[in-house]
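Asker: Build me a model:
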Amino acid sequence: MSTRSALGAMARTVRRLLGTERPLILMYHRIADLEHDPWELAVSPTRFAIQLEILRTKRDVVPLSWLVDRLERGQSAPRAVAITFDDGYVDLLDNAKPLLARYTCPATVFLPPAFVGQPGGFWWDILTRIFLATPELPAQLTLDHAGGSTVWDIRAGTRRKVHDEVWTVLKFMGDGERAGHLATLVAWAGISADAPTSDRCMDEEQLRAFSQPGVLDFGAHTMNHPSLPQLSASEQAEEMSRSRNWIVETLGIQPHGLAFPFGDYNKETLAAARSSGVQFACTTVPDAVRRRADRFALPRVAIGNLDAASFERLIASHG
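Answerer: All right, here's what the predicted structure looks like:
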C-alpha cells in the first residue's frame, strides 16, 4: 500500500469512528433476479433488502434533492446516502418500492421518457435476449454500418464477445439507424420483438403508482438515452429539456436533477445541464460527494448484486 493510500485509509477510519463519513450517492438500475445480466445492473430483492438494512443501520438515507440542497448552502451532510435508480424498470414498482417502504428509504428514479411503456423495452436488453438467452442462433451474423460490413461467427464461446461488440456499434448510432438494425437482429434471431414485462420501462400508470412526492421522485435521464458527447451542443440541450418537460407535463412533477446516460459527458454536456432548468446532474464517477463538488457533475457509486460483507466494504471504501 502506498503512503497516500495508507493515509486515505486512516482518514476513512477516523471519519467512521467520529460518525462523519462523506456523503454518497448510490446508483442502482434493477431490483430483480436475472439469469443473464452482462452489465451487472441487477440486484436481487433479497440482497437489496440486506443492503437497505445496512444503510439504515450505518448511514442516514436522505432524498437526493435534500443532499444537494445542503451542499448548495455550504452545509455538511455527514453519513448521508442518497439512493438513485436509472431507467425506470418495471421491477422497481414490483420489487424495489415495497422494500424502500419497509426500510423508509427515499429514492430518485431517472427516466428516459421515449422508453416509457414501450413493449420492446430497452435496446440493450434486446441484445441480451438475442445473444445470451436464445438457445439456437444462425451460424453467422452480418451487420452493415458506417459504409461497410462486419461479419461475426456465432458459437457458444463467442456469444458474449459478439454481444459486446454489437452493443458498442449500436450505442453510437442514431435512434433511427439503431431501430432498423434491431428489427433486423430480432428477425435474424427469430425472437419476439416484445420484451418481457419486467424488462420494460414503467408505463405512465405504473410511474404514477410508483411516485410518492418527496420520498420517491423522478429526475430526467434525457429523452432517448443517447451517449450525449456524440451529439451537438444543441442536440444535447434538446434531449435534456424534452426529458424534463415530459416529466412536468405528463406526471405533474418538477424534476430537480438529471443523470447522464451511460455516464458519458463532455464540456458541452455540463453546459447544457446547467441551462436545462434542473438544480444538479449526476455522473457515474465512483466517489464520495465532497463539499465543493460540482453540482452538475456529482459522482455516484454503482451498486451491484453484493452480499452484506462486500457491500459494507464498498461503502466504507468511499467514506
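Asker: Quick check, central residue of this protein?
Answerer: D86 (3.1 Å; Cα atoms, centre = their mean).
Asker: What's opposite it in the beta bridge?
Answerer: With beta bridges defined as DSSP bridges, D86 has these partners: F110.
Asker: quick one: it from F48, how far?
Answerer: 15 Å (Cβ to Cβ, to the nearest Å). To be clear about C-beta, it is placed using only N, CA and C from the backbone, and glycine gets the same treatment.
Asker: Show the contacting residues for the residue nearest to the centre of the chain.
Answerer: 27-29, 109-110, 221, 259, 261 (Cβ atoms under 8 Å, 6 or more residues apart in numbering).
Asker: As a check, name the ranges of all strands in this structure.
Answerer: In the chain, the strands defined using DSSP state E lie at 24-28, 30-31, 42-43, 60-61, 80-86, 107-111, 140-145, 148-153, 216-220, 257-259, 280-282, 301-302.
Asker: Distance to E268 and mean pLDDT added to these, as CSV?
Answerer: Below are these laid out as CSV (distance: least, Cβ to Cβ, whole Å; pLDDT from 0 to 100):
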stretch, distance to E268, mean pLDDT
strand 24-28, 23, 98
strand 30-31, 30, 98
strand 42-43, 32, 98
strand 60-61, 34, 96
strand 80-86, 21, 98
strand 107-111, 20, 98
strand 140-145, 25, 93
strand 148-153, 29, 94
strand 216-220, 17, 97
strand 257-259, 15, 98
strand 280-282, 13, 98
strand 301-302, 24, 98
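Asker: how about those strands in JSON lines, adding distance to A193?
Answerer: Listed next are those as JSON lines, based on distance: least, Cβ to Cβ, whole Å:
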{"stretch": "strand 24-28", "distance to A193": "27"}
{"stretch": "strand 30-31", "distance to A193": "21"}
{"stretch": "strand 42-43", "distance to A193": "22"}
{"stretch": "strand 60-61", "distance to A193": "39"}
{"stretch": "strand 80-86", "distance to A193": "23"}
{"stretch": "strand 107-111", "distance to A193": "22"}
{"stretch": "strand 140-145", "distance to A193": "17"}
{"stretch": "strand 148-153", "distance to A193": "21"}
{"stretch": "strand 216-220", "distance to A193": "27"}
{"stretch": "strand 257-259", "distance to A193": "28"}
{"stretch": "strand 280-282", "distance to A193": "32"}
{"stretch": "strand 301-302", "distance to A193": "30"}
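Asker: of these, which approaches G121 most closely?
Answerer: In terms of Cβ to Cβ, the element of the strands of the chain nearest to G121 is strand 30-31, at 11.7 Å.
Asker: Show me what that closest one is packed against.
Answerer: On a contact count with 3 or more Cβ pairs under 8 Å, 6 or more residues apart in numbering; DSSP states H and E, strand 30-31 meets strand 42-43.
Asker: next one: the strand it packs on to chain centre, how far?
Answerer: Centroid displacement of strand 42-43 relative to its chain, using Cα atoms, centre = their mean, to the nearest Å, is 11 Å.
Asker: all helices of this protein, in order?
Answerer: Applying DSSP state H to the chain gives helices spanning 3-18, 45-58, 64-72, 91, 97-102, 123-133, 159-171, 175-189, 204-210, 233-246, 267-274, 308-318.
Asker: would you list those helices in JSON lines and tack on distance to A139?
Answerer: Shown next, in JSON lines, are the helices of the chain (distance: least, Cβ to Cβ, whole Å):
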{"stretch": "helix 3-18", "distance to A139": "49"}
{"stretch": "helix 45-58", "distance to A139": "38"}
{"stretch": "helix 64-72", "distance to A139": "48"}
{"stretch": "helix 91", "distance to A139": "34"}
{"stretch": "helix 97-102", "distance to A139": "44"}
{"stretch": "helix 123-133", "distance to A139": "14"}
{"stretch": "helix 159-171", "distance to A139": "12"}
{"stretch": "helix 175-189", "distance to A139": "11"}
{"stretch": "helix 204-210", "distance to A139": "40"}
{"stretch": "helix 233-246", "distance to A139": "39"}
{"stretch": "helix 267-274", "distance to A139": "41"}
{"stretch": "helix 308-318", "distance to A139": "40"}
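Asker: Can you flag the weakest of these by average pLDDT?
Answerer: Mean pLDDT per stretch puts helix 3-18 lowest among the helices of the chain, at a mean of 64.
Asker: just to revisit the earlier point, which one of the strands of the chain lies nearest to G176?
Answerer: The nearest among the strands of the chain, by Cβ to Cβ, is strand 140-145 at 12.9 Å.
Asker: quick one: contacts of the closest one?
Answerer: Outside strand 140-145, the residues within contact range by Cβ under 8 Å, 6+ apart are 149-154, 162, 166, 169, 173, 177, 181, 185, 188.
Asker: That's all I had, so thanks and see you.
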